[in-house]
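>>> Generate coordinates for the sequence data below:
(one chain, ligands or ions: 1)
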Amino acid sequence: MTQTSTEAHEIRGACPHDCPDTCALITHVEGGVAVAVRGNPDHPRTDGVLCTKVSRYAERTYHAERVLTPLKRVGAKGSGEFTPVSWDEAMSDIAARLGRIAERDPEAILPYSYAGTMGLVQGEGMAARFFNALGASQLDRTICASAGAEALTQTLGGKFGMRVQHFAESKLILIWGSNAIGSSIHFWRVAQEAKRRGARLVCIDPRRSETADKCHEHIALRPGTDAALALAIMHELIVHDWLDHDYIARHTLGWDALRERALQWPPARAAEVCGIPVEQIERLACDYGIAQPAAIRLNYGMQRVRGGGNAVRAIACLPALIGAWRHRAGGLLLSASSTFPVQRHALARPDLLGNRRPRTLNMSTIGGDLLRPSSPDFGPRVDALIVYNSNPVAVAPQSSSVVQGFAREDLFTVVLEHFMTDTADLADYVLPATTQLEHWDVHMSYGHTDVVLNRPAIAPVGQARTNTDFFRDLAQRMGLKDPCLQDSDEVLCRTAFGDAVDFSTLLDQGFASLSVPDAPFAEGGFPTPSGRCEFFSQRLVDQGQDGLPDHLPNFEPAHTHPDYPLAMISPPSRHFLNSTFVNVKSLRDMEGAPWLEMHPSDAAARGLADEDGVVVFNDRGRYECQVKVSTRARPGVVNGMGIWWRKLGANGTNVNEVTSQRLTDMGRAPVFYDCWVQVSAATR
Ligand code: SF4
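Numbering: from 1, shown residues only. Next comes the predicted model:
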């Protein structure tokens with residue numbers, strides 16, 4: 001069956017969203033219309049189950065507000081005045097305008113994209129080839145995971161970890177910095193299985209999340225103090241000798257130095273820093289030292305602070321200390337994406353750059369960078385942006401500068417989108433993009449080790465085109481001649497893994513499992529320079545950093561600024577996925593309103609009652625929302641649930657009005673959860 005067939009049929013696909021679970025989908029199609037999307041029961045990691053959000057994927061695909069024709073801006077930037085134009089008219093104008101900029105300096109053109117789709121083809125496949133051939137500026141894609149990724153690389157040698165299914169056999173699971181019920185429902189199902197078999201579940205998170213409610217224990221530490229907690233656990237492992245000396249001797253590097261560092265962190269010191277009882281740290285360390293196999297499911301929330309890289313490094317050292325890696329149900333999982341044999345060179349074709357070495361701009365500082373003039377240090381001012389798979393005006397930190405940058409009348413902005421997002425509102429052209437039901441793609445995962453293929457289930461809706469089509473067409477119109485710029489999507493799907501994954505298996509069953517060992521580091525063999533788990537990293541020293549993990553205090557902890565005494569974190573709302581799905585009414589209705597969770601003591605001190613309208617502010621900006629007085633927030637910390645579209649939020653604002661463009665210790669990532677604020681009633 002193909003997407004043009006009129007008979008009822010089913011098509012196998014992959015969930016495109018930024019979620020570790022990478023579900024295999026089945027789309028039921030009748031008369032050329034996708035009537036339902038469900039989980040593929042044959043894919044063990046999906047097990048026939050999708051989250052609430054993606055169960056509504058058909059609703060999103062046929063959403064009444066979907067952009068179905070190319071739109072050209074006719075009013076002032078941000079006025080919302082667009083007129084429909086033909087693809088040909090749009091493309092010839094875009095090609096001509098980009099061509100003039102490229103003639104002056106191709107580095108004045110910047111791509112901006114992230115994980116709006118995680119697909120290797122509609123993501124950085126043809127797009128990367130196009131920008132390489134053009135010699136445009138490169139984008140450092142840091143906005144979510146780069147601090148943790150860098151930390152794992154420096155410690156374990158890459159993004160490697162446990163296989164998610166083996167958590168079912170763990171005796172202790174630390175769910176660290178993750179609301180798995182909201183953001184990794186399939187891992188949560190495995191953790192539930194472990195719980196039924198007697199495992200103890202501990203949630204470590206400043207917020208008492210829905211996951212914390214269901215664990216045996218919740219450790220509500222202060223934001224940005226995870227490294228201190230990990231070092232105190234090490235302290236206890238050392239003083240009580242809950243160590244696997246043989247594993248440490250044979251498979252780690254830097255033990256003596258780490259031991260000395262950890263001994264500086266008795267539980268009493270960490271308790272003071274983390275704001276938790278000393279007994280809780282002692283009990284956690286005891287559990288971790290004694291229960292085998294012990295597993296850690298780490299997620300990205302805790303690395304969104306100044307010391308995020310160090311925190312991940314400290315936690316990533318723990319499994320080697322107790323020899324947890326010996327067991328398939330022991331160790332750690334943050335991301336296993338380095339396991340995938342992605343043929344990135346063949347996909348992105350960096351050779352198309354020739355001898356050119358364009359600058360790289362950090363996506364997390366896009367606000368500031370759009371406002372920078374040309375200079376020898378910076379290079380040319382950014383004159384054109386092509387945005388795909390991302391909604392930076394809603395999701396990038398410090399919105400005031402992001403909006404100001406995107407609102408520049410002299411900035412030429414093209415946005416490939418499904419909807420009129422906050423970013424599309426500020427574009428010169430908005431071009432209708434296909435959804436996952438309408439195009440080919442192939443996916444790796446950061447939460448399991450299966451490749452999942454996505455076939456188009458329906459024909460493109462309206463005049464939507466694939467991202468790849470856009471870049472193929474643009475390349476042709478701009479005179480970029482390399483034949484690889486015209487490769488089809490099916491060719492790109494086959495290129496993504498080359499011979500390393502059997503494409504016929506993908507075609508036949510929709511997914512293919514990688515052959516990976518059950519316990520990847522049971523006998524060491526870490527892919528670091530030393531071949532060991534590197535407690536000490538010479539590579540970090542060479543970069544001017546501490547070679548050992550340490551606790552770095554937040555830039556903006558609670559109670560350190562006289563005017564902004566509260567610390568704010570901005571975890572994802574359960575019914576949205578980053579900023580995706582905010583415009584799906586049924587999900588938005590479930591979410592209700594943009595919420596700020598605040599502890600009753602902090603609310604009382606400000607005279608605030610549940611559901612009061614409030615203003616959250618600091619010297620970067622202010623946003624409006626409703627307060628939820630709740631012990632889900634710890635005293636001194638507020639939880640600004642994200643990420644609402646600004647125009648659907650209160651008074652055209654969202655949580656990123658107050659976040660900063662400062663960067664983490666490793667990976668140049670944003671520090672969304674390192675943000676001081678004050679809160680007052682909206683009427684004041
Ligand atoms: S968002 Fe995650 S849980 Fe939901 S369908 Fe996609 S991969 Fe599965």
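
>>> Next up, the contacts around L134.
Residues in contact with L134 (C-beta atoms under 8 Å, 6 or more residues apart in numbering) are A102, P106, I109, M478, L480. C-beta here means a position set from N, CA and C on the backbone, and glycine is covered the same way.

>>> For those residues, which two are the farthest from each other?
Using C-beta to C-beta, those reach their maximum pairwise distance at I109 and L480, which is 12.7 Å.

>>> quick one, which of the two is more surrounded?
I109 (22 against 19; other C-beta atoms under 10 Å).

>>> Let me see the contact set for the more buried one.
Per C-beta under 8 Å, 6+ apart, neighbours of I109: L98, I101, A102, F131, L134, A136, S137, V382, D383, A384, L385, I386.

>>> Okay, it and I296: tell me how far apart.
Distance of I109 to I296, computed by C-beta to C-beta, to the nearest Å: 42 Å.

>>> how about the closest residue to the ligand within the stretch 251-400 of the chain, what does it touch?
Relative to the ligand, the nearest point of the stretch 251-400 of the chain is N299 (12.8 Å; C-beta to the nearest ligand atom). Going by C-beta under 8 Å, 6+ apart, N299 touches P20, W176, G177, S178, A180, S183, S184, L334.

>>> near the ligand, which residues of the stretch 451-600 of the chain show up?
For the stretch 451-600 of the chain, the contact set with the ligand under C-beta under 6 Å from any ligand atom comprises L577.

>>> the strands in the stretch 451-600 of the chain, which residues?
511-513, 533-534, 566-569, 595-598 (DSSP state E, counting those that start in this stretch).

>>> Any figure for the gap between W188 and the ligand?
According to C-beta to the nearest ligand atom, to the nearest Å, W188 stands 10 Å off from the ligand.

>>> what's the closest non-adjacent residue to that residue?
Leaving aside its chain neighbours, W188 sits nearest to A180 (4.1 Å; criterion: C-beta to C-beta, 6 or more residues apart in numbering).

>>> Quick check: phi and psi at the one you found.
Backbone torsions of A180, given as degrees, to the nearest 10, read phi -60, psi -30.

>>> about what we covered before: just checking, which of the contacts of N299 comes out lowest on pLDDT?
Minimum pLDDT for the contacts of N299 is recorded at S183 (88).

>>> So that residue sits against C19, correct?
Yes. S183 is within contact range of C19, at 6.6 Å (criterion: C-beta atoms under 8 Å).

>>> Checking my notes, L139 in a helix, right?
No. Per DSSP: H, G, I helix; E, B strand; the rest coil, L139 lies outside any helix segment and is strand.

>>> If I look at it, what pLDDT would I see?
Looking at L139, its pLDDT stands at 97.

>>> Based on its surroundings, how many neighbours for it?
With other C-beta under 10 Å as criterion, L139 counts 20.

>>> and it, what does it touch?
Contacts of L139 (C-beta under 8 Å, 6+ apart): L110, P111, Y112, S113, T360, L361, M363.

>>> could you redo the last one with a cut-off of 7 Å?
L110, P111, Y112, L361, M363 (C-beta atoms under 7 Å, 6 or more residues apart in numbering).

>>> interface residues of this structure facing the ligand?
Within the chain, the positions adjacent to the ligand are C15, H17, C19, D21, T22, C23, L50, C51, K53, V54, I185, L577 by C-beta under 6 Å from any ligand atom.

>>> would a markdown table of those residues with neighbour count, pLDDT and secondary structure be doable?
Formatted as a markdown table, the residues of the chain next to the ligand follow (neighbours: other C-beta atoms under 10 Å; pLDDT from 0 to 100; DSSP: H, G, I helix; E, B strand; the rest coil):
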| residue | neighbour count | pLDDT | secondary structure |
| --- | --- | --- | --- |
| C15 | 27 | 96 | coil |
| H17 | 21 | 94 | coil |
| C19 | 22 | 93 | coil |
| D21 | 26 | 95 | coil |
| T22 | 25 | 96 | coil |
| C23 | 30 | 97 | coil |
| L50 | 22 | 95 | coil |
| C51 | 22 | 92 | coil |
| K53 | 22 | 86 | helix |
| V54 | 23 | 91 | helix |
| I185 | 17 | 94 | helix |
| L577 | 23 | 77 | strand |
